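# just need the structure, nothing else, for what follows:
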Amino acid sequence: MARFQTRYICQSCGHESPKWLGRCSECDAWDSFTEEVSIKENGSASAPKQGSEISRGFVPNASAPVPITEVRALAHQRRTTGIGEFDRVLGGGLVPGGLILVGGDPGIGKSTLLTQVAALLAKAGTPEDPTTVLYISGEESAEQIKLRSARLGAVTPNFLVSVETEINIILRHLDSTRPTLAVIDSIQTMFDSALDSAPGNVSQVRTCTTHLARFAKAVGVPLVLIGHVTKEGSLAGPRVLEHIVDTVLSFEGDQHHAYRLLRAAKNRFGSTDELGIFEMHETGLVGVDNPSALFLSERTEGGNGSAVASTLEGSRALLVEVQALVARSPLASPRRSVTGMEPNRVNMLLAVLEKRVGLKLAEQDVFVNVAGGIRILEPATDLATALAVVSNFREQPVEPHTVLIGEVGLAGEVRAVAQAEKRLRESARLGFRRAILSKHNLSKLPRNLDIEIVGVETVADAIRHALVSPRSVENSATSL
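Coordinates of the predicted model:
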């Protein structure tokens, strides 16, 4: 005889408990347990139903083990989407059967980006190779999707729209259409009627994602899932969700800026180091082919507190402007405000400048910002950050046509960075005439670089080479 059994599941990690707990013993999350009801039959709790026969029917056929040399590679089967920045982050395009999870803050442009991707794929088909895209929404009506598609120029007969949240009906739609690409917006709104829990619950998200992954692998249709994020910025739902999918993309950006950044936190079919950069327009998102020029377009030459750094994002070198403001603090504990880079890294650089260079920063408020809304994680921008602080503190500008490249150690030394040649070539292409970097990089550089290279050993050496007097900058600007 069947009877109901109550259990509690952590919404952060999926840990189950027979009673409610204030703090999860697995992930230490507070107030994360919710009640769920399962069915108990013949003295043992039965596992949740797997849904209809459709979801069970897409399990790939079992096969005997084979040598890896006989496994057919799928690299040549990638399908490009027509948006170069999106393809770059994916590793070259969509892989058949790939499951992609895209997360980001509300209103950042996730639905806009995927609507553009879907429209371009739907229009790219030919009579010999037709393409169909299925966009399934659980949050918007078909009329709302049509309005957005019309604004983006994405209205085409091969762009199919469905407003549905029941996973078994969605699987029927996928099986009947067999689209070139399917978009689920969003996975937190989908549910399996066989489970006694609300949409967005850990069990619902995990079960629906598993059904979709099983379908994608069996049929070879790439699926893109849009995911919600928590107030901390992480993907909502159980951590196992990120393990099920093949690729996890994060769509970032400040809504007060026009730039959007697409990063890969996980990618089974490519690198996770690539970065896609978009600019938001009225007609949608446009890929940025020359991001360095874009980030430096509003830079004021000759102003103190500004330095240009070269950073690597995947396979591309980017030039960004690091700004610093140092002002005497009226507070007992001066403020340290950092935007666009790791605050602890900046605090370390301030300590190095005080101890090794002799700057009295203990009574100063220090504000550091990376212009353009981009976030920098690598230490190769240490030298530019330190010089921006020194420039504003001494009110001496950095030479305007100089780029600074180098990691700063605790002893005040400037350490070598990787792929210095790529950084220097990008700097020369954008018109910079001189580069200051670690002397340990000099022996590995070719002689045909169209830029003057200055090797330094310490931060103090870089300060002597980089800072100029305001009068020198005025004379230089007049001569130009």
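# dump the residue contacts of S337.
S337 makes contact with 365-368, according to CB atoms under 8 Å, 6 or more residues apart in numbering. Every residue, glycine included, has its C-beta placed from N, CA and C.
# how about a cut-off of 10 Å?
Neighbour list for S337: 325, 343, 346, 365-369 [criterion: CB atoms under 10 Å, 6 or more residues apart in numbering].
# stretch 125-140: which residues count as buried?
131-138, 140 (16 or more other CB atoms under 10 Å).
# re the thing from before, tell me which two in the contacts of S337 are the farthest apart.
Taking CB to CB, the two most distant members of those are L325 and P343; they sit 15.3 Å apart.
# the two - which one has more neighbours?
Ranked by neighbour count (other CB atoms under 10 Å), L325 and P343 place L325 first, with 17 against 12.
# so how far is S297 from the closest residue to G431 other than its chain neighbours?
Among residues not flanking G431 along the chain, H401 sits closest, at 7.2 Å (CB to CB, 6 or more residues apart in numbering). Distance, H401 to S297, using CB to CB, to the nearest Å: 16 Å.
# look at the two and report which has more neighbours.
Neighbour totals were compared for H401 and S297, and H401 leads with 17 against 11 (other CB under 10 Å).
# quick check, the more buried one in contact with L296.
No: H401 is beyond contact range of L296, at 11.7 Å (criterion: CB atoms under 10 Å).
# tell me, what's touching the two both at once?
Taking CB under 10 Å, 6+ apart as the contact rule, H401 and L296 both touch 308, 431-432.
# among those residues, which ones are in strands?
Per DSSP state E, strands hold the following members of the shared contacts of H401 and L296: V308.
# if you rank the shared contacts of H401 and L296 by neighbours, which is first?
Result: V308 is most packed of the shared contacts of H401 and L296 (other CB under 10 Å), 27 neighbours.
# just the contacts of S337: which are in helices?
Members of the contacts of S337 lying in helices (criterion: DSSP state H): 343, 346.
# need the contacts of S337 in TSV (columns: pLDDT).
Formatted as TSV, the contacts of S337 follow (pLDDT from 0 to 100):
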residue	pLDDT
L325	97
P343	95
V346	97
D365	97
V366	97
F367	97
V368	97
N369	96
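# tell me the contacts of the residue nearest to G431?
301, 308, 427, 431-435, 451-452, 476, 480.
# farthest-separated two in the residues you listed?
By the measure CB to CB, A435 and L480 form the most distant pair in the contacts of H401, at 19.3 Å.
# more neighbours, the two?
Neighbours were counted for A435 and for L480 using other CB under 10 Å; A435 has more, 26 against 8.
# in the stretch 1-150 of the chain, where is pLDDT below threshold?
Applying pLDDT under 70 to the stretch 1-150 of the chain flags the ranges 1-4, 37-63, 73-76.
# where do the strands sit along it?
Listed in chain order, the strands of the stretch 1-150 of the chain (DSSP state E, counting those that start in this stretch) span 3-10, 16-17, 33-41, 44-45, 99-104, 133-137.
# just so I know, which of those strands lies nearest I277?
Closest to I277 of these, according to CB to CB: strand 99-104, at 14.5 Å.
# any idea how many residues pack against A122?
So A122, with other CB under 10 Å, has 24 neighbours.
# on that earlier part again, adding distance to V240, write the buried residues of stretch 125-140 out as CSV.
Formatted as CSV, the buried residues of stretch 125-140 follow (distance: CB to CB, whole Å):
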residue, distance to V240
T131, 32
T132, 31
V133, 28
L134, 26
Y135, 26
I136, 22
S137, 24
G138, 21
E140, 27
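# one step back: and the gap between the residue nearest to G431 and S176?
In terms of CB to CB, H401 sits 62 Å off from S176.
# same check on N290?
44 Å.
# picking that back up, pLDDT and distance to E16 for the shared contacts of H401 and L296 - can I get that in JSON lines?
Below are these laid out as JSON lines (pLDDT from 0 to 100; distance: CB to CB, whole Å):
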{"residue": "V308", "pLDDT": "96", "distance to E16": "53"}
{"residue": "G431", "pLDDT": "92", "distance to E16": "61"}
{"residue": "F432", "pLDDT": "95", "distance to E16": "58"}
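# out of the shared contacts of H401 and L296, who's nearest I376?
Using CB to CB, V308 is the member of those that lies nearest I376, at 12.4 Å.
# related to what we said a few turns ago, of the buried residues of stretch 125-140, closest to A119?
V133 (7.6 Å).
# right, and the closest one touches R178 too?
No: applying CB under 10 Å, one finds V133 not in contact with R178, separated by 11.5 Å.
# the helices in the protein, which residues?
Using DSSP H, helices in the chain cover 53-57, 84-90, 110-123, 142-152, 167-177, 202-219, 240-244, 291-295, 343-352, 382-394, 420-429, 459-466, 470-479.
# the ones you listed: which one's closest to A264?
helix 84-90 (5.2 Å).
# test of understanding: give the bridge partners of the residue most central in space within the chain.
Nearest to the geometric centre of the chain sits R263, at 2.5 Å (CA atoms, centre = their mean). Under DSSP bridges, the beta-bridge partners of R263 are S250, L275.
# tell me which other helices or strands the longest strand along the chain touches.
Scanning the chain for the strand with the most residues, using DSSP E, yields strand 316-328. Where contact means 3 or more CB pairs under 10 Å, 6 or more residues apart in numbering; DSSP states H and E, strand 316-328 is packed against strand 275-281, helix 291-295, strand 306-313, strand 336-339, helix 343-352, strand 364-370, helix 382-394, helix 420-429.
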